[in-house]
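>>> I need the structure of the sequence given here:
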Amino acid sequence: MIFADKLIELRKRHGMSQEELADRLNVTRQSVSKWEGAQSVPDLQKVVQLSQLFEVSTDVLLKDELTLGQAEPIEQNAVSKRVSLSDAEAYIKHSKASATRSSIATGLFTFILEVVLLMSSQQVKETIGATLVTVLGTVIIIACIVIGTAISISNSSRSRQFLYVEEEVFKLEGEAIEIVEKRMAKFRIQFVINNIIGSILCFAGLLPFLPLNIFTSENESIVYLLIIGIVLGACIFVYNGVRWSAFRKLLAQGRSVTSGKRIGIAIERAAVIYWLITLTIYLVWSLSTLNWAITWLVWAVAAVLFSVVLGIVDSATDKFDSGGE
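Here you go, the predicted structure:
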């Protein structure tokens, strides 16, 4: 049984398309198609990744005389990469920059909602004119979308060199473990403080919507400033999440992609789904009632709850890691 046939069968066994397999290996779908068509073979590094992904030995993959029925699962914790202290520090530095870029992109996307709220304000329309408000608002919204998307794409591209943290079984060498743990302990204090600040900002953004009778049309500008707090709070939560996740991934050394790290990836995807659901609720409520000044409350509540969700997920991950050791 040749390599191409084995690859096809293993891919189908795991319910993966060629495109999904290509994404896992960071190659093009055409490359996978050529491997399965026996037109070319992957390099040694990709063969190792395939053996870990499908949990079979490289011998079974490469030796025609061995069939998949003779496959013996490889050791789940077989180390394929050793990470030095300099590598770990480079990843931590990258994660800090990535967290900053992600928070900026989040701020731009969230700020769109502030712009929409301003565009619906009768006071703003009377001050600078309805037509000008519409034109400026549209331009700002488009700019936020374009810049935010560009930042997100750039961020994803810069992260490619560190894909091994999520896709391979690695081991921290020498004093790297101790250093990473110290860095994580040091950041933990900032993590807690940031969450407190983010929560306060989000709660401040909620004040204009509470029946306190302290905000009138005369101090409408204060309302918009408070709502900006929700934007800043969301940025802080994203920054915190990215950096904390980076430390967790580094300290998940020695675990296969199918254990602790896959949970981490699932958590990140869950966060995306969380905000998509929030956006859907906001749009459905807003478009059905056209009461934009009230429906903004969805984002304030979502931002506050996201901090709680983050804590629950972190606690659940701790229990999972402890149970797997």
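
>>> tell me how far residue 250 lies from residue 119.
Here residue 250 is placed at a distance of 44 Å from residue 119 (Cβ to Cβ, to the nearest Å). In this view, the C-beta of every residue, glycine as well, is placed from N, C-alpha and C.

>>> max-length helix in the chain?
helix 85-119 (DSSP state H).

>>> pull the CA atoms of the helix or strand following that helix into PDB?
Using DSSP states H and E, the helix or strand that follows helix 85-119 in sequence is helix 122-128. Output in PDB follows, covering the C-alpha atoms of helix 122-128 (Å, rounded to 0.1, in the frame of the first residue of the first chain):
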ATOM      1  CA  GLN A 122     -30.600  64.100  16.700                       C
ATOM      2  CA  GLN A 123     -28.400  66.600  18.600                       C
ATOM      3  CA  VAL A 124     -25.400  65.700  16.500                       C
ATOM      4  CA  LYS A 125     -27.400  65.900  13.300                       C
ATOM      5  CA  GLU A 126     -28.700  69.400  14.300                       C
ATOM      6  CA  THR A 127     -25.100  70.500  15.200                       C
ATOM      7  CA  ILE A 128     -23.200  69.600  12.000                       C
END
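
>>> following element in sequence after helix 122-128, please.
helix 130-158.

>>> tell me the mean pLDDT over the next helix or strand after that next one?
Using DSSP H and E, the next helix or strand after helix 130-158 towards the C-terminus is helix 164-167. Across helix 164-167, the average pLDDT comes to 73.

>>> buried set for the next helix or strand after helix 164-167?
Downstream of helix 164-167, the first helix or strand assigned by DSSP H and E is strand 170-172. Neighbour-count burial for strand 170-172 flags 170, 172 (criterion: 16 or more other Cβ atoms under 10 Å).

>>> what lines up beside strand 170-172 in the sheet?
The strands that strand 170-172 pairs with in its sheet are strand 81-83 (parallel) (by DSSP bridges).

>>> poorly predicted segments of the stretch 101-250 of the chain, please.
167, 169, 206, 208-221, 223 (pLDDT under 70).

>>> I figured residue 64 was touching residue 2, is that so?
Yes: counting by Cβ atoms under 8 Å, residue 64 touches residue 2, with 5.5 Å between them.

>>> which residues of this structure fall in helices?
Residue ranges of the helices in the chain, as given by DSSP H, are 3-13, 18-25, 29-36, 44-54, 58-62, 85-119, 122-128, 130-158, 164-167, 176-206, 220-250, 262-289, 292-295, 297-324.

>>> about what we covered before: so which of residue 250 and residue 119 has more stuff around it?
residue 250 (24 against 18; other Cβ atoms under 10 Å).

>>> count of neighbours near the nearest residue to that one once chain neighbours are set aside?
Nearest non-adjacent residue to residue 250, counting by Cβ to Cβ, 6 or more residues apart in numbering: residue 180, 5.2 Å away. Close neighbours of residue 180, defined as other Cβ under 10 Å, add up to 22.

>>> cool, and the one 10 residues further on?
Each residue near residue 190 was counted by other Cβ under 10 Å, and the total is 13.

>>> again with residue 199
Neighbours of residue 199 under the rule other Cβ under 10 Å: 18.

>>> ok, residue 49 touching residue 168?
Yes: using Cβ under 8 Å, residue 49 is in contact with residue 168, at 7.1 Å.

>>> the more surrounded of those two?
Remark: of residue 49 and residue 168, residue 49 carries more neighbours, 21 against 18, as counted by other Cβ under 10 Å.

>>> what distance do you get for the nearest residue to the more buried one once chain neighbours are set aside to residue 161?
Leaving out its chain neighbours, the residue that sits closest to residue 49 by Cβ to Cβ, 6+ apart is residue 25, at 5.7 Å. Note on residue 25: its distance to residue 161, by Cβ to Cβ, is 15 Å.

>>> the two: who's more crowded?
residue 25 (19 against 10).

>>> circling back: ok, which of the helices of the chain comes nearest residue 68?
helix 3-13 (5.9 Å; Cβ to Cβ).

>>> quick one: buried residues of that closest one?
Buried residues in helix 3-13, defined by neighbour count with 16+ other Cβ under 10 Å: 3, 4, 6, 7, 10, 11.
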